[in-house]
Each structure stands twice: as C-alpha cells, then as structure tokens.
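Peer 1: coords please:
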Amino acid sequence: MTSVLIVDDSKLARIVVGKAVTALQPDWTRLEAGNADEALALLESHPVDVLILDFNMPGKNGLELAEELRGRHPEMPIALATANVQDEVIARARAAGATFVPKPITEDALRGFLSGAALKLRATGS
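Peer 2: Residues are numbered from 1 along each chain as shown. Predicted coordinates for the structure are as follows:
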C-alpha cells in the first residue's frame, strides 16, 4: 500500500492537497503533518512512500526538510509546494531532488508529480 505524507501548517491546504491526491491516486493512504517536526516523527513510525511539502512553515521550512530527508531517502519522490516562485527556491528544490509544484495546488498541478511517483515506486518495487 502506497502512502503519501502531506506536510503543511495550514489545515485547509492539507485538505485541498488530500482531495487532489485522493482524486488522482484513490488507493493511496494519506498521512498529514502540520510542520517539519511532526513530519519527522511520523516518518519514524510510519512507512511513507511519497512526500508533498509546503515551503513556508514555522520552524524548519519545506525546502530544509526536503534537503534533510533526501539524504535518508534518496529515491523518495518529494514535491515542494509554494506560491514563492523565486528562481533560487526552484533551483534549491531541484538540487534537493524535489519537484516544484506551484500553489494553489490543483489536481492538474499534482497529476504529473503523482503519476511520475507511482511509476517510480512500481519500478523500485515499493
């Protein structure tokens, strides 16, 4: 069973992303965290296959979290979602192996990332 962790400090944003994930990948299990610390705790106790991270969060931002997790999970599909479309943010996301997804998140915005993640997971046998 594939699981996706949605990390965003906005409950409404987590609901919106969750609905898009469910529409595109109805069989996937959804987990949610409100910040990087909650996400790290969840990752210790639950198997997670795919991450969707908000950029702007209190404490550690989504990009810092992506960079930290990339070392532990080199193959995990990670998306960084933000309305902050500065070149530096996009470049750092790419350097961390994260897919940039502009906010507001829609099914169309997530479709390419999720279908690519599903293909990658099937190829690695996860």
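Peer 1: quick one: buried residues of stretch 39-49?
Peer 2: For stretch 39-49, the neighbour count (16 or more other Cβ atoms under 10 Å) marks 39-40, 42-43, 48-49 as buried. All C-beta atoms are positioned from the backbone trio N, CA, C, and that covers glycine.
Peer 1: which of these lies closest to Val21?
Peer 2: Asp49 (11.9 Å; Cβ to Cβ).
Peer 1: hang on, the earlier thing: using a markdown table, lay out the buried residues of stretch 39-49 together with distance to Leu12, pLDDT and secondary structure.
Peer 2: Listed next are the buried residues of stretch 39-49 as a markdown table, based on distance: Cβ to Cβ, whole Å; pLDDT from 0 to 100; DSSP: H, G, I helix; E, B strand; the rest coil:
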| residue | distance to Leu12 | pLDDT | secondary structure |
| --- | --- | --- | --- |
| Ala39 | 18 | 97 | helix |
| Leu40 | 23 | 97 | helix |
| Leu42 | 20 | 96 | helix |
| Leu43 | 23 | 95 | helix |
| Val48 | 22 | 96 | coil |
| Asp49 | 24 | 97 | coil |
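Peer 1: what's the most distant pair in the residues you listed?
Peer 2: Leu40 and Asp49 (16.3 Å).
Peer 1: so how far is Arg72 from the spatially closest residue to Val16 that is not a sequence neighbour?
Peer 2: Nearest non-adjacent residue to Val16, counting by Cβ to Cβ, 6 or more residues apart in numbering: Ile105, 6.0 Å away. Note on Ile105: its distance to Arg72, by Cβ to Cβ, to the nearest Å, is 25 Å.
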